[in-house]
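**Q** Take this sequence and fold it.
(one chain, ligands or ions: 1)
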Amino acid sequence: SPVIVWLRRDLRLADQPALAEAARKGSVIPVYICDDDTPRHRAMGGASRWWLHHSLQSLDASLRARGSRLILRRGRSDEVLAKLAHETGAGEVHALHHYEPWWRNAEKAVAKAVTLCLHHGNYLAPPGSVTTGSGGLYKIFTPFWRALRERMPPPEPLPCPDAIPAPPQWPASDALDDWALLPTRPDWAGGLRDTWRPGEESAMERLAAFAEEAGDYAGQRNLPARDGTSMLSPHLHFGEISPAQAWHGAAQAGGSVDTFLGELGWRDYAQNVILQYPDYGAKNAREPFGDFPWRQSPADLQAWQQGRTGYPIVDAGMRQLWHTGWMHNRVRMIAASFLIKHLLIDWREGERWFWDTLVDADYGNNAVNWQWTSGSGVDANMFVRIMAPLTQSAKFDAADYIRQWVPELAGLSDAQIHDPPPGVRPRGYPEKRIDHREARERALAAWQQAKAAA
Ligand code: FAD
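**A** Next up, the predicted model:
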């Protein structure tokens, strides 16, 4: 009987252990389910929906080139899979493990309805398997990475199959367009189209291009004006490429590639955290954050979202995000810190905005990085380390980056562009929402107040 392959954030054919195992057993029915109904489900943001549409299209084309196709269904995963198994006579469902709380719920429910075989393959090591001497899970990145690093390299990636055995009859499929994943009016996705080509083929091309430069990663990665990072994040998030492929692709580069491998380690670490704290995207892990005196300021929040804070580096990042669905990591850190500490707005507002606008929006990575910046997370308390955005901008040589994303400042000199003095600040470019020193003092006072109340 045919075997169902249930695809989620693993939209690839190479190094896909669920697909490989299913194909070994017989004919294969690949299915993607649009599931908005499993308990604790968190709806995808707009940029992710755009990506998903194109990724599914690309996957279907790759499957068709190998004699197969992608079946699309909508509903609760357990109900859809039970019905599909009944319709097709499939005996088993194969899938990769996923760790978002809603996917763990779905896996439990599916396992009650059909024979579910889960495989590993979306992380360097199975989340939950990297343990301390006493068998517990790590809370802090550095010892986690040390332990994970010892188990590396990951296994060699599985090859892409040339052909995938088809069932005698194909079950019905939804039409992708009926899912209406793409924006219509207004169509805000022009910048996404200009920047990205979702899908496995494009992911592999990006990896190959990055591998040529990866040896210089440590020197380049903090400079927002350079293309010094891989830009693989949305491809990794949607599983168009596996971390083992990324590891082996880059590892040959030599030089400072270890720093890059450590970033892949952060991705594993984030899953290790949400495994222990499933609500990490919405709940502070650390006291006294429960009663932190956050400001309610819709005007400040909107200025941040729109890239109109009066701090060029923050505005450049927020506009890059809006336009391309991606932001350079150094600038993500600066922009996040600015929202939390300069504007004193709850990190969850930022987490939600990133969730909606990032093409790489990832529950674990996003929550871990936001809670790390705010100091509310499981690791060291970072709240009192207040980043100075103007100094950061100069230090990491962001002048050309600002020129690209804040064109009204393009005519300013390198010396002036990070912090345009009143005389040269062009009309139309906003004043600073708050002075840096004042913001710093206000943030530290708020921290003292929260500590005293705890
Ligand atoms: P590279 O530097 O080439 O790194 C390679 C890969 O390692 C990335 O593709 C990513 O999968 C992983 N990685 C790198 N840095 C981190 C990190 N700090 N934490 C976890 N994984 C990492 N990354 C996301 O994938 N999704 C998110 O939703 C997300 N939200 C973030 C929110 C904030 C406030 C901050 C500060 C960072 C966030 N990051 C997130 C992490 C990081 O900024 C991006 O992964 C990185 O910028 C992606 O670009 P790249 O692929 O060129 O990275």
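**Q** alpha carbons only for contacts and neighbour counts from here, please
**A** Will do.
**Q** hang on, residue 84 in a helix?
**A** Yes - assessed with DSSP: H, G, I helix; E, B strand; the rest coil, residue 84 lies in a helix.
**Q** For it, give me its contacts.
**A** Shown in contact with residue 84 (Cα atoms under 8 Å, 6 or more residues apart in numbering): 90, 171.
**Q** Nearest residue to residue 315 in space, please, no chain neighbours.
**A** Using Cα to Cα, 6 or more residues apart in numbering and skipping residues adjacent in sequence, the residue nearest residue 315 is residue 307, 3.8 Å away.
**Q** For the one you found, grab the count of nearby residues.
**A** When neighbours are defined as other Cα atoms under 10 Å, residue 307 has 25 of them.
**Q** Next: residue 333.
**A** 19.
**Q** excluding its backbone neighbours, what's nearest it?
**A** Closest to residue 333 by Cα to Cα, 6+ apart is residue 373, at 7.1 Å.
**Q** Am I right that the one you found sits in a helix?
**A** Yes - assessed by three-state DSSP, residue 373 belongs to a helix.
**Q** Now do residue 75 against the ligand, distance only.
**A** Separation of residue 75 from the ligand (Cα to the nearest ligand atom, to the nearest Å) stands at 25 Å.
**Q** ditto for residue 135
**A** Taking Cα to the nearest ligand atom as the measure, residue 135 falls 24 Å from the ligand.
**Q** quick one: pLDDT of that residue?
**A** Looking at residue 135, its pLDDT reads 94.
**Q** go on, residue 289?
**A** With respect to pLDDT, residue 289 has a value of 85.
**Q** Neighbours of it, how many?
**A** By other Cα under 10 Å, 20 other residues sit near residue 289.
**Q** Let me see the contact set for residue 269.
**A** By Cα under 8 Å, 6+ apart, the contact set of residue 269 is 141, 144-145.
**Q** of those residues, buried ones?
**A** In terms of neighbour count (16 or more other Cα atoms under 10 Å), the buried residues within the contacts of residue 269 are 141, 144-145.
**Q** Out of the residues you listed, which comes closest to residue 107?
**A** Taking Cα to Cα as the measure, residue 107 lies nearest residue 144 of these, at 26.2 Å.
**Q** Please report the distance of that closest one from the ligand.
**A** Per Cα to the nearest ligand atom, residue 144 is found 13 Å from the ligand.
**Q** and if you look at residue 295?
**A** 19 Å.
**Q** mind listing the strands for the stretch 1-150 of the chain?
**A** Assigned by DSSP state E, counting those that start in this stretch, the strands in the stretch 1-150 of the chain fall at 3-7, 28-34, 71-74, 92-96, 116-119.
**Q** Pairing partners for the first one, with directions?
**A** Which is strand 3-7. Taking DSSP bridges as the criterion, strand 3-7 forms sheet pairs with strand 28-34 (parallel), strand 92-96 (parallel).
**Q** Mind checking these for the one nearest to residue 345?
**A** Across the strands paired with strand 3-7, residue 345 has its closest neighbour in strand 28-34 (33.0 Å, Cα to Cα).
**Q** And the closest one, what's buried?
**A** Judged by neighbour count using 16+ other Cα under 10 Å, the buried positions of strand 28-34 are 28-33.
**Q** contacts with the ligand among these, please.
**A** The subset of these within reach of the ligand, by Cα under 6 Å from any ligand atom, is empty.
**Q** and those, which two are the farthest apart?
**A** Farthest apart among the buried residues of strand 28-34 by Cα to Cα are 28 and 33. That separation is 15.8 Å.
**Q** Can you add distance to residue 389 and give the buried ones among the contacts of residue 269 back as CSV?
**A** As requested, the buried ones among the contacts of residue 269 are exported to CSV (distance: Cα to Cα, whole Å):
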residue, distance to residue 389
141, 25
144, 30
145, 29
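**Q** Name the nearest of those residues relative to residue 346.
**A** Closest approach to residue 346 among these (Cα to Cα): residue 141, at 23.6 Å.
**Q** The ligand versus that closest one, what's the distance?
**A** Separation of residue 141 from the ligand (Cα to the nearest ligand atom): 10 Å.
**Q** mind starting the numbering at 869 from now?
**A** With 869 as the first residue, the last one maps to residue 1009.
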